[in-house]
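J.: Next input, structure requested:
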Amino acid sequence: MDDIIVIGNDFKLIRTLVTRLNGVFSLNDLGDLDYFLGIEVTYHPDCSLTLTQSKYLRDLLTKTKRDEANPIAFPMVGGCKLSK
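T.: Numbers count the residues shown, from 1 in each chain. Got it, this is the predicted structure:
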């Protein structure tokens, strides 16, 4: 199975493209995009989108049993000089 995302600002053109593709391939229109390849999509009233990987990171932390780890503000001391 292959996945495809069709986006644009001309809804009529998108519908035409999807209809033509469906004439050649068997398509399932899953509606608005929420999550794809580890990326969450959030829609905003001004028609902008926010793309995040929060869910992917939470799942990764759970998988590696790090979801209960204590968070810290900075993972490393700032201004630290590293040497060999």
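
J.: how about the helices in this structure?
T.: Assignment of helices within the chain using DSSP state H yields the ranges 11-24, 54-63.

J.: How about the residue most central in space within the chain: what's its closest non-neighbour residue?
T.: The centre of the chain sits closest to Ile39, judged by Cα atoms, centre = their mean, with a distance of 1.4 Å. Spatial nearest neighbour of Ile39, chain neighbours left out: Leu51 (5.3 Å); criterion: Cβ to Cβ, 6 or more residues apart in numbering. No exception for glycine: its C-beta is placed from N, CA and C like everyone else's.

J.: Which strand residues bridge the one you found?
T.: Val41 (DSSP bridges).

J.: quick one: pLDDT of it?
T.: On pLDDT, Leu51 comes in at 94.

J.: residues contacting it?
T.: Residues near Leu51 by Cβ atoms under 8 Å, 6 or more residues apart in numbering: Ile39, Glu40, Val41, Thr42.

J.: any idea how far it lies from Ile4?
T.: Separation of Leu51 from Ile4 (Cβ to Cβ, to the nearest Å): 17 Å.

J.: same question, Gly78
T.: Counting by Cβ to Cβ, the gap from Gly78 to Ile4 is 44 Å.

J.: Among the two, which residue is more densely surrounded?
T.: Taking neighbours as other Cβ atoms under 10 Å, Gly78 and Ile4 compare with Ile4 leading, 8 against 5.
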